[in-house]
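K.L.:
How does the following fold in three dimensions:
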Amino acid sequence: MPGGRLTQQERQQIALGLADGLAYAEVARRLDRPTSTITREVMRNGGPTAYRAELAHRSTEHRAHRRRQAAPAGSQTPPQAYGRDAEAVRRYEETLTTTLMASGTPKMMARVLTCLYTSDTGSLTASELVERLQVSPASISKAITFLESQGLIRRERDDRRRERYVVDDDVWYQSMIASARGTTQLAETARQGVGVLGADSPAAARLENIARFVDFVSESIIRAADQAREILHTKPATPPGGVAEPDPDRG
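P.N.:
Modelled structure (predicted):
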């Protein structure tokens, strides 16, 4: 499987594949590249409807040039914690950001989430995010406001009274519950239309079906989230002696 950066010819083939309505996996198969490479390439350069091979190629060259300028000759990357490979970490961060973008998260918000998810502390200050992402404080502030409104992060103050932005195991639970409640509102609104349009009308029947579907999905999400939280976040009980019982599955 070929490695390294995509060539201009490969980008042209990607553009042709998108124009033909091919899935990322099929484009990747034809180029003998990982699907994640094609997904990241397309999402980073305008998405499937706006991707242009020539513009994508120029943008990549420009980013590579900026990285070379930011790292003077002879400079060394600081040692990574836990023996991590710095380049592998960078590539993974790009992949995670692209995945979040593909799921509907705006680009800057996805970059901030990636920074928080991949930090060992699970929390960063605004200035740390600015330094890591090399963007303006205003961009960070806008991203934080959006992510907080979606229940994806929370704020807290550290011992130096600095505001930190945090992701933890419970954040996704809270976000899922908030999302389910939002769809519940959709169901209620759909049912209001049943009375307005006439209970026996085709339009009312359609709205009632929407409401029933959304109700079922919302209830399933809440139930699954509660079960997952209880099972996955439960810590082993500690006996009176202070030593946890051995896990029978681990001998």
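K.L.:
excluding its backbone neighbours, what's nearest Lys142?
P.N.:
Excluding the flanking residues, the one nearest Lys142 by CB to CB, 6 or more residues apart in numbering is Met108, at 7.1 Å. From N, CA and C alone the C-beta is placed, and that goes for glycine too.
K.L.:
Isn't Cys115 up against Leu124?
P.N.:
Yes: with contact defined as CB atoms under 8 Å, Cys115 counts as touching Leu124 (6.2 Å).
K.L.:
List the residues that are in contact with both of those two.
P.N.:
Residues within reach of Cys115 and of Leu124 at once, by CB atoms under 8 Å, 6 or more residues apart in numbering, are Arg132.
K.L.:
Could I get the CA-only coordinates of the helix or strand that Leu16 is a member of as CSV?
P.N.:
In this assignment (DSSP states H and E), Leu16 forms part of helix 8-19. Only the C-alpha atoms of helix 8-19 are listed here, as CSV (Å, rounded to 0.1, in the frame of the first residue of the first chain):
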residue,chain,number,x,y,z
GLN,A,8,-1.8,15.7,-7.5
GLN,A,9,-2.9,12.9,-9.8
GLU,A,10,-4.4,11.0,-6.9
ARG,A,11,-6.3,14.1,-5.9
GLN,A,12,-7.7,14.4,-9.4
GLN,A,13,-8.9,10.8,-9.1
ILE,A,14,-10.5,11.6,-5.8
ALA,A,15,-12.4,14.5,-7.4
LEU,A,16,-13.6,12.3,-10.2
GLY,A,17,-14.7,9.7,-7.8
LEU,A,18,-16.7,12.2,-5.8
ALA,A,19,-18.3,13.6,-8.9
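K.L.:
That helix: which residues count as buried?
P.N.:
10-11, 13-15, 17-18 (16 or more other CB atoms under 10 Å).
K.L.:
any low-confidence regions in the stretch 151-251 of the chain?
P.N.:
For the stretch 151-251 of the chain, applying pLDDT under 70 flags the ranges 233-251.
K.L.:
the strands in it, which residues?
P.N.:
For the stretch 151-251 of the chain, applying DSSP state E, counting those that start in this stretch gives strands covering 154-157, 163-166.
K.L.:
Okay, domains of the chain per the record?
P.N.:
Domain assignment for the chain by automatic domain parsing gives 8-65, 85-166, 169-232.
K.L.:
residue contacts, Gly151?
P.N.:
Counting by CB under 8 Å, 6+ apart, Gly151 has contacts 171, 174-175, 177-178.
K.L.:
Could you rerun that using 7 Å?
P.N.:
Residues near Gly151 by CB atoms under 7 Å, 6 or more residues apart in numbering: 171, 174-175, 178.
K.L.:
circling back: what helix or strand does the residue nearest to Lys142 sit in?
P.N.:
helix 107-118.
K.L.:
Just say helix, strand or coil for the closest residue to Ala81 other than its chain neighbours.
P.N.:
The shortest distance from Ala81 to any non-neighbouring residue, by CB to CB, 6+ apart, is to Asp120 (6.5 Å). Look at Asp120: counting by DSSP: H, G, I helix; E, B strand; the rest coil, its state is coil.
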